[in-house]
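S.K.: Just a sequence and a predicted model for now, questions to come.
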Amino acid sequence: MRKCAINAVALLFSVIFTVGYHCRAQNSQPTEYQIKAAFIYNFARFVDWPTQAFTDASSPLIIGVLGKNDFGSSLKETIDGKTIRGHPLEFKLFPSLARVANCQVLFISTSEKNHLSKIISTLRTTSILTVGETDDFVARGGMIRLRIVDDKVRFDINNSAAKSAGLTISSKLLTLAIDVR
């Protein structure tokens, strides 16, 4: 039964990714950051936030980037016009940690790796799903680390950090992670 659930979620990720990018350019492959944008969108679909993470039931679910935006327009384009559980998705760039507010998903760019400990420590008591790609991201308290394995985007999850922040990561997503802490 577990194998069936894993296959179903993997199929869901691949269908959403394929449908999202099939219409763009039929002769070109998606870039690494277009794929990572699709992963971040799907992470948001498989996480539950406490009610106090939103101003009200129809407040936007904000997906932001802290630091250098390696996504270009990919992340914004991926989430434009979509909703999750009644929350319209909104993209924001945050030039500094002091400006991060009312955000539910925060991608912490590798440009911030020298400040990662401070960022994670500051966000630890918030209900923000932290996503990054630095080597020690989950070991240092980040929640989801995107990484490349055999030329494919994969991810690790620090479920303990997510639970401490009041977030619930779906068991379907947990089964797809390479490493769960």
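M.R.: Nice, thanks for sending it over.

S.K.: so residue 116 sits right up against residue 137, yeah?
M.R.: Yes - the pair residue 116 / residue 137 is scored as a contact, 7.4 Å apart, by C-beta atoms under 8 Å. For glycine as for every other residue, the C-beta is placed from the backbone atoms N, C-alpha and C.

S.K.: list residues touching both of these two?
M.R.: Applying C-beta atoms under 8 Å, 6 or more residues apart in numbering, one finds that residue 116 and residue 137 are jointly contacted by residue 108.

S.K.: Look at the two and report which has more neighbours.
M.R.: Just comparing residue 116 and residue 137: by other C-beta atoms under 10 Å the higher neighbour count belongs to residue 137, 24 against 19.

S.K.: Now do the contacts for the residue positioned nearest the centre of the chain.
M.R.: The centroid of the chain falls nearest to residue 40 when counting by C-alpha atoms, centre = their mean (3.3 Å). Contact criterion C-beta under 8 Å, 6+ apart gives 63, 75, 78, 105, 107, 131 as the residues in contact with residue 40.

S.K.: what's the most distant pair in the residues you listed?
M.R.: Using C-beta to C-beta, the contacts of residue 40 span at most 13.5 Å, a distance reached by 78 and 131.

S.K.: Who has more neighbours out of those two?
M.R.: A side-by-side neighbour count of residue 78 and residue 131, using other C-beta under 10 Å, places residue 78 first with 26 against 23.

S.K.: and the gap between the more buried one and residue 36?
M.R.: 9 Å (C-beta to C-beta, to the nearest Å).

S.K.: Name the nearest of the contacts of residue 40 relative to residue 53.
M.R.: Proximity of those to residue 53 (C-beta to C-beta) peaks at residue 105, which lies at 10.6 Å.

S.K.: The closest one pairs with what?
M.R.: Assessed by DSSP bridges, residue 105 has beta-bridge partners residue 63, residue 129.

S.K.: May I ask which helix or strand encompasses the residue nearest to the centre of the chain?
M.R.: Secondary structure here is read from DSSP states H and E; on that basis residue 40 sits in helix 32-45.

S.K.: So which other helices or strands are in contact with whichever helix or strand comes after that helix?
M.R.: Remark: after helix 32-45, the chain's next helix or strand is strand 47-48, criterion DSSP H and E. Helices and strands in packing contact with strand 47-48 are listed as strand 168-169; criterion 3 or more C-beta pairs under 8 Å, 6 or more residues apart in numbering; DSSP states H and E.
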